[in-house]
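> got a predicted model here, sequence first, then my questions.
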Amino acid sequence: MAVSDAHPMRHFRHGALVAAALALLAVQGCASVSREITGSISRSPAPSARTVAAMPASQLQGVVRSYGEAYQNNPKDKGTGLSYAAVLQMAGRNDQSLAVMQQVAIAHPKDRDVLAAYGKALAAAGDLPKALSTIQRAQTPDNPDWRLFSAEGAILDQMGKSDDARTLYRKALEIQPNDPTVLSNLGMSYVLTNDLPSAEKYLREALKQPGGDSRIRQNLALVVGLQGRFAEAQKIASAELSPDDAEANVAYLRKMLSQQNTWSKLRQSDTKRRG
């Protein structure tokens with residue numbers, strides 16, 4: 001997408017876009033682990049990335065300790081290991097999460113769920129080539145898994161191969177039409193190549209689907225904000241939420257747009273436009 005010389009964000013947009021999109025793809029990869037797993041303490045899934053993000057440090061450490069104790073008691077249990085690794089990723093302890101997933105993969109070397117989570121843990125720890133090969137090894141051409149296509153796409157996007165990534169997202173959507181996570185990943189892929197209208201289109205479609213959650217709403221708000229529509233972005237970020245959740249979403253939006261003073265420049269641009 002060509003950037004007009006008149007646009008107030010022309011000097012810093014691309015760097016902020018790439019950093020934000022890569023961060024969000026990484027976050028979504030971690031969050032998808034928690035949504036897909038079923039085994040954990042009391043047989044309930046690990047908390048969502050957004051729930052963890054809202055926890056005070058003391059509570060978060062308590063959650064990590066609880067899952068860690070369950071893992072120590074039964075380190076070969078697939079569900080427990082997946083849940084513990086997911087919580088560690090959400091807490092930013094990517095190296096430890098990877099170590100846990102290495103042990104789970106040793107215990108379950110042919111399990112596709114385990115290989116998929118192992119690949120995501122490798123990606124979170126920064127080992128993208130090995131993450132890619134692990135995800136590809138988990139895939140079976142005669143019975144392809146749409147979640148693996150989406151996970152592979154997210155890794156390829158982080159490697160700068162957005163065209164290949166989008167091919168995989170579309171393969172995932174052929175198997176699982178209108179999945180909100182895949183649509184969101186596809187939208188954020190377009191952010192990486194500075195095609196904000198296409199990114200907005202797919203994120204809006206993702207948000208309309210059952211399961212379109214606050215994380216997708218935050219991504220959409222970010223993309224709208226990066227196009228200079230600050231007031232609309234803030235409205236999207238706080239829509240249909242409790243006051244506390246709305247405040248958290250706007251704080252998230254402000255944080256993501258804070259790179260290179262994007263937040264204040266957007267606000268000034270939006271104020272001038274409405275004036």
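In hand now; what should we look at? Residues are numbered from 1 along each chain as shown.
> show me what the host helix or strand of Ser58 packs onto, helices and strands only.
Assessed by DSSP states H and E, Ser58 sits inside helix 57-73. Using 3 or more CB pairs under 8 Å, 6 or more residues apart in numbering; DSSP states H and E, the elements in contact with helix 57-73 are helix 78-90. All C-beta spots, glycine's among them, are computed from the backbone N, C-alpha and C.
> what's the mean pLDDT across the helix it packs on?
Averaging pLDDT along helix 78-90 yields 90.
> for that helix, packing partners?
helix 13-36, helix 49-54, helix 57-73, helix 94-107, helix 112-124.
> would you single out the least confident of those helices?
Confidence, taken as mean pLDDT, is least for helix 13-36 of the helices and strands packed on helix 78-90 (a mean of 49).
> just to revisit the earlier point, and the helix holding Ser58, which residues are buried?
Leu60, Val63, Val64, Tyr67, Ala70, Tyr71 (16 or more other CB atoms under 10 Å).
> what angle do it and helix 78-90 make?
Angle, helix 57-73 to helix 78-90, by axes from the mean of the first three to the mean of the last three CA atoms, to 10 degrees: 150 degrees.
> tell me how far helix 57-73 lies from the chain's centre.
In terms of CA atoms, centre = their mean, to the nearest Å, the centre of helix 57-73 is set 23 Å apart from its chain centre.
> now the angle from it to helix 94-107?
Using the same axes, to 10 degrees: helix 57-73 against helix 94-107 is 20 degrees.
> CA atoms of helix 57-73 as CSV?
Only the C-alpha atoms of helix 57-73 are listed here, as CSV (Å, rounded to 0.1, in the frame of the first residue of the first chain):
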residue,chain,number,x,y,z
ALA,A,57,2.2,-10.1,39.9
SER,A,58,1.5,-12.0,43.2
GLN,A,59,-1.6,-13.7,41.7
LEU,A,60,0.2,-14.6,38.5
GLN,A,61,3.0,-16.2,40.4
GLY,A,62,0.5,-18.2,42.4
VAL,A,63,-1.1,-19.5,39.2
VAL,A,64,2.4,-20.5,37.8
ARG,A,65,3.2,-22.2,41.1
SER,A,66,-0.1,-24.2,41.1
TYR,A,67,0.4,-25.4,37.6
GLY,A,68,4.1,-26.1,38.3
GLU,A,69,3.2,-28.3,41.3
ALA,A,70,0.7,-30.3,39.2
TYR,A,71,3.4,-30.8,36.5
GLN,A,72,6.0,-31.9,39.1
ASN,A,73,3.5,-34.5,40.4
